[in-house]
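*Asks:* I'll drop the sequence and a predicted model, then ask my questions.
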Amino acid sequence: MKSAEPSTKVDPGARKVIPLPRAARRDRHELAFLPAALEIVETPPSPIGRAIGVTINGFNASHDVLQFNPALLANYAAVLLDTKQVGANTVIRIDATDSVTLVGVTASSLHANNFHFS
């Protein structure tokens with residue numbers, strides 16, 4: 001008489017498949033931020049942030065000129081608002097993390113002709 005149990009024979013040529021564990025389910029509030037996280041990963045870093053934050057030595061206010069993208073600083077009035085005297089140096093703050101430091105230059109020696117916006 002035959003048993004009602006299934007056969008446990010293993011085909012020697014068959015591949016063994018190991019199932020991967022399922023990922024944990026994400027909560028609604030976690031999924032809400034997922035596209036933003038992917039966008040950050042896929043968007044290359046801005047070259048503007050890397051190009052600014054410099055220290056300039058030997059700037060001569062009588063003839064040297066700094067050129068700014070108007071998207072960063074629109075005009076001379078904007079530069080004046082973001083210019084601070086720090087010791088013997090002048091610091092022009094572009095945004096919360098980027099600035100230009102003019103070593104040995106007093107802020108009062110700068111004039112509109114020291115700046116170009118294009």
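*Replies:* It's in. Fair warning: this is a prediction, and the values are worked out from it, not measured in the lab.

*Asks:* low-confidence stretches in this structure?
*Replies:* Across the chain, the ranges flagged by pLDDT under 70 are 1-18, 20-21, 23, 26, 29-53.

*Asks:* which stretches of it form strands?
*Replies:* With DSSP state E as the criterion, the chain has strands at 54-56, 66-68, 83-86, 89-93, 99-102, 115-117.

*Asks:* alpha carbons only: can I get the fourth one in PDB?
*Replies:* Backbone C-alpha positions of strand 89-93 (Å, rounded to 0.1, in the frame of the first residue of the first chain) are rendered in PDB as follows:
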ATOM      1  CA  ASN A  89      39.400  91.700   6.800                       C
ATOM      2  CA  THR A  90      36.200  92.300   4.900                       C
ATOM      3  CA  VAL A  91      33.800  89.400   4.600                       C
ATOM      4  CA  ILE A  92      31.000  89.400   2.000                       C
ATOM      5  CA  ARG A  93      28.400  86.800   2.900                       C
END
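
*Asks:* list the helices and strands that strand packs on?
*Replies:* strand 83-86, strand 99-102 (3 or more Cβ pairs under 8 Å, 6 or more residues apart in numbering; DSSP states H and E). (Glycine included, C-beta is placed from N, CA and C.)
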